[in-house]
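Participant: Fold the stuff below for me.
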Amino acid sequence: MPELDPGIAARLKTDSNGLITAVVQDAASRDVLMVGWMDAEALRRTLESRRATFFSRSRQAYWTKGETSGNFLDVTEVRLDCDGDTVLVVANPAGPTCHTGARTCFDNDRLA
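Facilitator: Numbers count the residues shown, from 1 in each chain. Sure, this is the predicted structure:
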């Protein structure tokens, strides 16, 4: 299995579990859809397949958004932030993104 490009891997600043935050943004509306976790392998899979893939901390397994629901996130671009500890995944969602069935995980509970 191929590895993440060494130039990209060298720029990642992961936490103690080897993870970085992945913020997913809708390519059309620019709304934040969800936040997940990636390690180098999840990022490699995302870049290669152009489908957002994450690492589940609770299941300790990789998962591609939409593999059970059909609501895939088709990736248009991936950007690494200036600190190297967060990626921005810009995608076209094929349906609701939140596990609750909402369009985005940030539709409820506005605090201010």
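
Participant: Any idea which residue is closest to the centre of the chain?
Facilitator: Ala22 (4.4 Å; CA atoms, centre = their mean).

Participant: Surely it is in a strand?
Facilitator: Yes - assignment of Ala22 by DSSP: H, G, I helix; E, B strand; the rest coil places it within a strand.

Participant: residues touching it, list them.
Facilitator: 35-38, 42-43, 52, 54, 86-87, 89 (CB atoms under 8 Å, 6 or more residues apart in numbering). C-beta: built from backbone N, CA, C; applies to glycine.

Participant: try 10 Å this time
Facilitator: Contact analysis of Ala22 by CB atoms under 10 Å, 6 or more residues apart in numbering lists 34-38, 42-43, 46, 52-55, 78, 86-89.

Participant: who's it bridged to?
Facilitator: Gly36, Val87 (DSSP bridges).

Participant: In the protein, where's the longest helix?
Facilitator: helix 40-49 (DSSP state H).

Participant: which SS class is Asp15?
Facilitator: Three-state call for Asp15 (three-state DSSP): coil.

Participant: In contact with it, which residues?
Facilitator: So Asp15 contacts 21, 37, 39, 85 (CB under 10 Å, 6+ apart).

Participant: Which of those residues sits closest to Leu4?
Facilitator: Asp39 (9.2 Å; CB to CB).

Participant: How much space separates the closest one from Leu80?
Facilitator: Counting by CB to CB, to the nearest Å, the gap from Asp39 to Leu80 is 14 Å.
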